[in-house]
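Asks: Can you look at this prediction? I've put the sequence above it.
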Number of protein chains: 4
Amino acid sequence: MILVLEQNVGIEQISELISRLEAMGLKAVMSRGTGRTNLAVIRGVDKTTRPELFTHLPLVEEVIPFRHKFKLTSRDFQQEKTIIEMDGVNIGDGSLVVMAGPCAIESRQQILEIAEKVAAEGASVLRGGAFKPRTSPYDFQGLGEEGLKYMREAAKLHGLLSISEVMTPEDVPLVSSYVDILQIGARNMQNFALLRAAGECKKPVLLKRGLSATYLEFILAAEYTVSCGNPNVILCERGIRTFDTYTRNTLDLTAVPVLQEMTHLPIIVDPSHGTGLRHLVPPMSKAAMAVGADGIIVEVHTDPDAAVSDAQQTICPMTFATMMKDLRALGSVTGMPMREAR
Amino acid sequence: MILVLEQNVGIEQISELISRLEAMGLKAVMSRGTGRTNLAVIRGVDKTTRPELFTHLPLVEEVIPFRHKFKLTSRDFQQEKTIIEMDGVNIGDGSLVVMAGPCAIESRQQILEIAEKVAAEGASVLRGGAFKPRTSPYDFQGLGEEGLKYMREAAKLHGLLSISEVMTPEDVPLVSSYVDILQIGARNMQNFALLRAAGECKKPVLLKRGLSATYLEFILAAEYTVSCGNPNVILCERGIRTFDTYTRNTLDLTAVPVLQEMTHLPIIVDPSHGTGLRHLVPPMSKAAMAVGADGIIVEVHTDPDAAVSDAQQTICPMTFATMMKDLRALGSVTGMPMREAR
Amino acid sequence: MILVLEQNVGIEQISELISRLEAMGLKAVMSRGTGRTNLAVIRGVDKTTRPELFTHLPLVEEVIPFRHKFKLTSRDFQQEKTIIEMDGVNIGDGSLVVMAGPCAIESRQQILEIAEKVAAEGASVLRGGAFKPRTSPYDFQGLGEEGLKYMREAAKLHGLLSISEVMTPEDVPLVSSYVDILQIGARNMQNFALLRAAGECKKPVLLKRGLSATYLEFILAAEYTVSCGNPNVILCERGIRTFDTYTRNTLDLTAVPVLQEMTHLPIIVDPSHGTGLRHLVPPMSKAAMAVGADGIIVEVHTDPDAAVSDAQQTICPMTFATMMKDLRALGSVTGMPMREAR
Amino acid sequence: MILVLEQNVGIEQISELISRLEAMGLKAVMSRGTGRTNLAVIRGVDKTTRPELFTHLPLVEEVIPFRHKFKLTSRDFQQEKTIIEMDGVNIGDGSLVVMAGPCAIESRQQILEIAEKVAAEGASVLRGGAFKPRTSPYDFQGLGEEGLKYMREAAKLHGLLSISEVMTPEDVPLVSSYVDILQIGARNMQNFALLRAAGECKKPVLLKRGLSATYLEFILAAEYTVSCGNPNVILCERGIRTFDTYTRNTLDLTAVPVLQEMTHLPIIVDPSHGTGLRHLVPPMSKAAMAVGADGIIVEVHTDPDAAVSDAQQTICPMTFATMMKDLRALGSVTGMPMREAR
């Protein structure tokens, strides 16, 4: 149920109403838009609950049932797009945010060099894996905490925010102590314990779409995190698994307008995993911008062929620089500003 | 085998060489690029054929085996992009060609009205089905020849070229007597008799990708038509079938750069069938342009909800007009000119 | 609309009723089951037609709207399973019919040898392609009519029926003059002109499921043929295209019980194309029988590795013999008789 | 690397060799087959390691590189099938083991009743979820430990073993203290921390195939668990996600012979999730047996329509009883014994 409140209601009155609902055994979450305040009742109601239960409550102007299984992440509940503000970088505000860096953090030297390169071209966020989810137990599993330390140093030095993957609930505190954004990988999109742990964390969470996840499943995964108290979830389209194997995955750019219509969460695109082939990263990044994505996340390495993982889909700094120029020109037409190159 | 000829060889000498190859029981096709002339030997050779068989022939500078199963459609054979020139409309020359019109031709009045609207906004080609491939035998199967007559009239009146689908080899002469471009639909992508019949026709052919066709299968389908003598094939990405059913198909925009790399044929995008939902047509058209497509083909109807087929994915003239303006602005940055609105 | 007629109505009265319906501009098709006669009105009605239009007609006891888009092929119209009787071989009568032979007819000698082998083990139908649908225009396209002649000879000599693929409407008369069953391949499942041509032919038609066809699309394809006058269509599950590429296709055995519930047409399974790997043919054939298929169609060659096409999925006569013994034992439990070995 | 040891070598000598390898910084795991003992060196070697490094070691007769990325789970390393022996129930010994029970444990009464019914028909293992992975955070999440208590009581009372899902590494000790087999669900197939935690547990683990997992990814997931010290992994085919949505998933029975060829681990089939429709459970169970599965796991409820989850795919005790009789008859031909009904 969405309780649409009267206009110009003070925060104290709303708190009182929330307490009253809690006393009824319910849980309510508030959304304060520019003109409107909505309360979503997300626990203690089901299909059999009658709206009349709420219409007589003070402040409540209208009671609207949820149209979808997802609630807090829906546009019904919150019409305005979520803008995630982090230290000068806003995700979801109409600009194109660029996250770039190596697949895996390999050494202090490596991450420092790459951070310098991507910062110079206008990236805002440094990416790099320290805990790597690998298909085989015998593949390189990442540098762990050591890698996170290197990354933090590199990000700070070059004025970047940072993002890295977290694979288990227990690692959430550790990883979030080093990075600005937690990444939950495609394989863990329905690792519900992890989604909940990320919901109890204060850092923004980038959630990658599972290889065969429908839009509904994807949003419901985000709903796990948001309903646990963390509203700052960024969705990431990174390609789905189809019959075609020429590319590593099939990048589903239609996901961008569809998800923007269904949910208020920002949506970014990963053309590196989405295609698996480095020469396809620039054209698909341009397409991602044209279709209205809030950002892109790309794999960049100073020596792509020597990368310990994902070598085939990693671009070099020179390609990255050219691509950033093209995107900046495109953004001037589509009305999507980007951070300046330095 | 590709026979790379010496530079500055006259057409008569080449004809002589081709005759000589024919006398050896082979079939050779010529490609004259800006600097180079290549001959592709496409019949009478196989994996066991030794290149030395050709190296001693006059004019032959180099003999290169084909890397792929497709030959005449490959970039190995013809490096320059194919430009299809038709009465003032060039497909493949770096501009964005727009084909627009109803799913099915429903009446003279209908196609005349729609032609006027799309022409006014800068479309170059009028689309409309007269022979409709329908999943059920009980659905509307199209107006047939009558529809083609209406279409020809409408196209002429508004200075448009026309495209319509052909479903059987027998219908190729009839349909090609009315329209400028023959369309072969997704369900017929591997209707080899039809592909061959289109190869014996002189009109350009737009070939739609099958619902579950790999890139290789798609190009090999085009190879059927090209190897039968018709070099003017336009590839059309129109969405593939995946697990996701929110959209009718999954539009695979990565196909554009991939196919442009593998083949010299022009590639256009169909966002109407690719998504199946009208509000997704404008954003995906923009993405198609950003990724470098040579054109788009969209379903437009003056009263979309009343369209006898594909109503859900058909846009109205007003949406079309707005989209065309956005594309024109985008094209000014990406360097893709479009026909002016009138 | 299904018109359920009163019991014990004579054929003359029914003919009169059908004529009367035709005079109303409708087309009606009859199904005479053991106890019941139904008429399906398949042309001239749509969703807006009111059942009352028919309730007052003589003989009509009840009027039932079709639940599905498919009509003549539905269990609603004909409850009893279709049994196709051909010269001692019944398909759909509860037995397991085995069709076997090479992918392509390569020579008179080849087809004679293989026919002898498969007949000896209890196959009923000889399979073999004379017109081959090939992904590449440069691959072997079949022996054509010459191949059909060899096949007819081989089938006759060894007391087998025969089946071969037809690829175009024009070839239907030719192919049906040589073989007992026409095959329409997976790539042509929605070649509607071909489906109609097969509907005007008197020979049974085996229709293969398209690579990405849903059950509904598959049945509607059969409906094209049946609604054109040929009730003897055999459905064939031959694997669908999925993300997994270890096998050539993913054999969807669930199709068997699902299709048997939706339609009264017989359903057979092709484990050769369904898996693409010869060692998987025997286990998947057993599974096909256990799940209730009306038959199997398998590729057998006296020298599989030397087969001009589909070598990897073709079994040798010895494997075929062992498999047939296992199936016969299984059939004794599942209650599915098979033709005796000789 | 596989080190094939000389025949008739004592366990002490082997231990010594393993210690010696460990001193070299390697990790070796032993497989003692009927005639042969193999050591797999799984850590400290890579593609660049030369076999000669091992050929001079005592006891080593032959050194064979692994052909696949998976090692301990491969037939190369262990030729004999793994038989998991648990208190009178052997999985992988050629019999068909039946696991049955509700989707979710709903109450003490419910699980007691169902346990009685399935035990009476010859099931060996009671299934039931206490920790439920649900797509939506607002759906019933299971009874937790309370449910496990009920299940243990019901299983004991009726002489059944038990299986239940574990969703996080932290829950492994708790769940394994109540049940005989730990289940890892499809969504967690690549939850690597969970796979490792299960590897450190002593109880057998049933690993379900992910919705879009290839065979290789599936086996590598099992390799995580086995390489952490738990050799008793049971693979479970439970349907993959394809374009077809008539059934919940597409049951891929070909997985059974393919996986049996690639790995020595037992493989069971879940026709309930594999089809999502209850009337398809019996035919697909028969097919699973015919194709050689080591067992099946089915959802049974005394009142299927009232089940809190998966109602549509759950069968009633009567259907279960009929199915068990049919399977028993089939097993008598295929040579797969089953536990007697009581």
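Replies: Everything's here; your move. Residues are numbered from 1 along each chain as shown, chains lettered A, B, ... in the order given.

Asks: Pull the contacting residues for the residue of chain A found nearest chain B.
Replies: Closest residue of chain A to chain B, C-beta to the nearest C-beta: A:Ala290 (3.6 Å). (C-beta placed from N, C-alpha, C; glycine too.) Counting by C-beta atoms under 8 Å, 6 or more residues apart in numbering or on different chains, A:Ala290 touches A:Leu330, A:Thr334, B:Pro283, B:Lys286, B:Ala287, B:Met289, B:Ala290, B:Val291, B:Leu330.

Asks: Are any of these buried, and if so which?
Replies: The neighbour count (16 or more other C-beta atoms under 10 Å in any protein chain shown) marks A:Leu330, A:Thr334, B:Pro283, B:Lys286, B:Ala287, B:Met289, B:Ala290, B:Val291, B:Leu330 as buried among the contacts of A:Ala290.

Asks: Now secondary structure and pLDDT too, for those residues, in CSV please.
Replies: Rendered in CSV, the data for those read as follows (DSSP: H, G, I helix; E, B strand; the rest coil; pLDDT from 0 to 100):
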residue, secondary structure, pLDDT
A:Leu330, helix, 94
A:Thr334, helix, 86
B:Pro283, helix, 98
B:Lys286, helix, 97
B:Ala287, helix, 98
B:Met289, helix, 97
B:Ala290, helix, 97
B:Val291, coil, 97
B:Leu330, helix, 94
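
Asks: list the contacts for the residue sitting nearest the centre point of chain A?
Replies: For chain A, the residue nearest the mean C-alpha position is A:Ile234 (1.9 Å; C-alpha atoms, centre = their mean). Contacts for A:Ile234 (C-beta under 8 Å, 6+ apart) come out as A:84, A:91-92, A:181, A:204-207, A:265-268, A:294-295.

Asks: same deal with A:His273?
Replies: Residues in contact with A:His273, defined by C-beta under 8 Å, 6+ apart, are A:Ala186, A:Arg238, A:Gly239, A:Arg248, A:Asn249, A:Asp310, A:Gln313.

Asks: hmm, stretch A:78-88 touching chain B?
Replies: No. Judged by C-beta under 8 Å from any C-beta of the partner chain, stretch A:78-88 stays clear of chain B, getting no closer than 15.6 Å.

Asks: Now that stretch: buried residues?
Replies: A:Gln78, A:Lys81, A:Thr82, A:Ile84, A:Met86.

Asks: need the residues of the stretch 201-342 of chain A near chain D, please.
Replies: Proximity of the stretch 201-342 of chain A to chain D (C-beta under 8 Å from any C-beta) is limited to residues A:Leu211, A:Ser212, A:Leu216, A:Glu217, A:Leu220, A:Glu223, A:Tyr224, A:Ser227, A:Cys228, A:Arg241.

Asks: go with 7 Å
Replies: Contact residues (C-beta under 7 Å from any C-beta of the partner chain) of the stretch 201-342 of chain A with chain D: A:Leu211, A:Ser212, A:Glu217, A:Leu220, A:Glu223, A:Tyr224, A:Ser227, A:Arg241.

Asks: same question, the stretch 1-150 of chain A
Replies: So the stretch 1-150 of chain A meets chain D at A:Ile42, A:Lys69, A:Pro133, A:Thr135, A:Ser136, A:Pro137, A:Tyr138 (C-beta under 7 Å from any C-beta).

Asks: Which two among those residues are spaced furthest apart?
Replies: Using C-beta to C-beta, the pair of the residues of the stretch 1-150 of chain A next to chain D lying farthest apart is A:Ile42 and A:Tyr138, separated by 43.2 Å.

Asks: hang on, the earlier thing: any chance of the residues of the stretch 201-342 of chain A next to chain D in TSV with neighbour count and secondary structure as columns?
Replies: Below are these laid out as TSV (neighbours: other C-beta atoms under 10 Å in any protein chain shown; DSSP: H, G, I helix; E, B strand; the rest coil):
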residue	neighbour count	secondary structure
A:Leu211	24	coil
A:Ser212	22	coil
A:Glu217	19	helix
A:Leu220	26	helix
A:Glu223	27	helix
A:Tyr224	28	helix
A:Ser227	25	helix
A:Arg241	25	coil
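
Asks: Run through the strands of chain A in chain order.
Replies: Secondary structure of chain A by DSSP state E: the strands cover A:2-5, A:27-32, A:37-43, A:60-64, A:84-86, A:89-91, A:97-101, A:125-127, A:161-165, A:181-184, A:205-208, A:233-237, A:267-269, A:295-299.

Asks: For the first one, give the mean pLDDT please.
Replies: Average pLDDT, strand A:2-5: 93.

Asks: Show me the contact partners of it.
Replies: A:14, A:36-41, A:54, A:59-64, A:66, A:76-77 (C-beta atoms under 7 Å, 6 or more residues apart in numbering or on different chains).

Asks: So how do I select the buried members of those in PyMOL?
Replies: To isolate the buried members of these in PyMOL, using 16+ other C-beta under 10 Å:
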select buried, chain A and resi 14+37+38+39+40+41+54+59+60+63+66+76+77
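
Asks: what about A:Gly292, distance to D:Val308?
Replies: Distance check for A:Gly292 against D:Val308: by C-beta to C-beta, to the nearest Å, it reads 40 Å.

Asks: try A:His158
Replies: Counting by C-beta to C-beta, the separation of A:His158 from D:Val308 is 53 Å.

Asks: circling back: residue contacts, the residue nearest to the residue nearest to the centre of chain A when sequence neighbours are not counted?
Replies: Excluding the flanking residues, the one nearest A:Ile234 by C-beta to C-beta, 6 or more residues apart in numbering or on different chains is A:Leu206, at 4.5 Å. By C-beta under 7 Å, 6+ apart, the contact set of A:Leu206 is A:Ile163, A:Ile181, A:Gln183, A:Ile234, A:Cys236.

Asks: Show me which residues of the stretch 101-250 of chain A are close to chain B?
Replies: By the rule C-beta under 7 Å from any C-beta, the part of the stretch 101-250 of chain A lying against chain B is A:Ser212, A:Thr214, A:Tyr215, A:Ile240, A:Thr242, A:Phe243, A:Asp244, A:Tyr246, A:Thr247, A:Thr250.

Asks: one more time with 8 Å
Replies: Residues of the stretch 101-250 of chain A found near chain B (C-beta under 8 Å from any C-beta) are A:Ser212, A:Thr214, A:Tyr215, A:Leu216, A:Ile240, A:Thr242, A:Phe243, A:Asp244, A:Thr245, A:Tyr246, A:Thr247, A:Thr250.

Asks: Would you mind giving those as a markdown table with pLDDT added?
Replies: Below are these laid out as a markdown table (pLDDT from 0 to 100):
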| residue | pLDDT |
| --- | --- |
| A:Ser212 | 97 |
| A:Thr214 | 98 |
| A:Tyr215 | 98 |
| A:Leu216 | 97 |
| A:Ile240 | 98 |
| A:Thr242 | 97 |
| A:Phe243 | 96 |
| A:Asp244 | 92 |
| A:Thr245 | 92 |
| A:Tyr246 | 96 |
| A:Thr247 | 96 |
| A:Thr250 | 98 |
